[in-house]
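Trainee: I need the structure of the sequence given here:
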Amino acid sequence: MLRLPGFKSQSITDYTGTTPVFDIRTHLNGPLISEGMIYGPTGKVISRFVADMHGSWSGATGLLQEKFVYASGLRQDREWRLTESNDGSIVADADDLVGKGYGRAEGCAFQMKYKIRLPEDAGGHVLSVVDWMYLVENGTILNRSQMRKFGVKVAELVATMRPAQSDQIAA
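Mentor: This next block holds a predicted model:
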């Protein structure tokens, strides 16, 4: 089967049977801390951030609250509303999404696709995003996301997410 090179070459089924198993209700639950950076289209780092996150679940419905602090001093609050379907797939919603996001975990990986509208001060563009998250043995999640406009990569995000200790959470 012909596969595209690079980021697009992955399929969620490539991770079937891998461990540790990524369970979104377990691994995106409770207090989390994230550190990351965003690369622009030339590969240069254009932004760095830390974020306090908190995931909570009631049955198949989850809420992931994110509080970002960027190196520039900009602060941003986001909230993901997640619903796990009977087949294990995830439907995601957030205020800055255009439509819904759709994701699925398989083995150690989770993939989600969605369209996001950037804030007006960032141009208000709508970007197509593919998130890949990988659970590693110590419970850390490695996140790699690509953002595209008209099929052209315009940004890439690389971040970690890990359970936070009470002394790591900002007030």
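Trainee: where does the chain dip in pLDDT?
Mentor: Per-residue confidence of the chain (counting by pLDDT under 70) places the weak regions at 1-5, 166-171.
Trainee: 90 - rerun?
Mentor: Counting by pLDDT under 90, the low-confidence segments of the chain come to 1-9, 86-88, 119-123, 165-171.
Trainee: I'd like the next helix or strand past the biggest strand by length in it.
Mentor: The residue-count maximum for a strand in the chain (DSSP state E) belongs to strand 45-58. Scanning forward in sequence from strand 45-58, with DSSP states H and E defining helices and strands, the next element found is strand 61-70.
Trainee: got the angle for that following strand vs strand 45-58?
Mentor: Using axes from the mean of the first three to the mean of the last three CA atoms, to 10 degrees, the direction of strand 61-70 lies 150 degrees away from that of strand 45-58.
Trainee: I'd like to know which elements strand 61-70 is packed against.
Mentor: Helices and strands in packing contact with strand 61-70 are listed as strand 45-58, strand 75-84; criterion 3 or more CB pairs under 8 Å, 6 or more residues apart in numbering; DSSP states H and E. The C-beta positions use only the backbone N, C-alpha and C, and glycine is treated the same way.
Trainee: could I get the ones you listed as JSON lines with mean neighbour count and distance to residue 22?
Mentor: Compiled in JSON lines, the helices and strands packed on strand 61-70 are given as follows (neighbours: other CB atoms under 10 Å; distance: least, CB to CB, whole Å):
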{"stretch": "strand 45-58", "mean neighbour count": "16", "distance to residue 22": "13"}
{"stretch": "strand 75-84", "mean neighbour count": "15", "distance to residue 22": "13"}
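Trainee: could I get these as TSV with distance to residue 39?
Mentor: Formatted as TSV, those follow (distance: least, CB to CB, whole Å):
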stretch	distance to residue 39
strand 45-58	6
strand 75-84	18
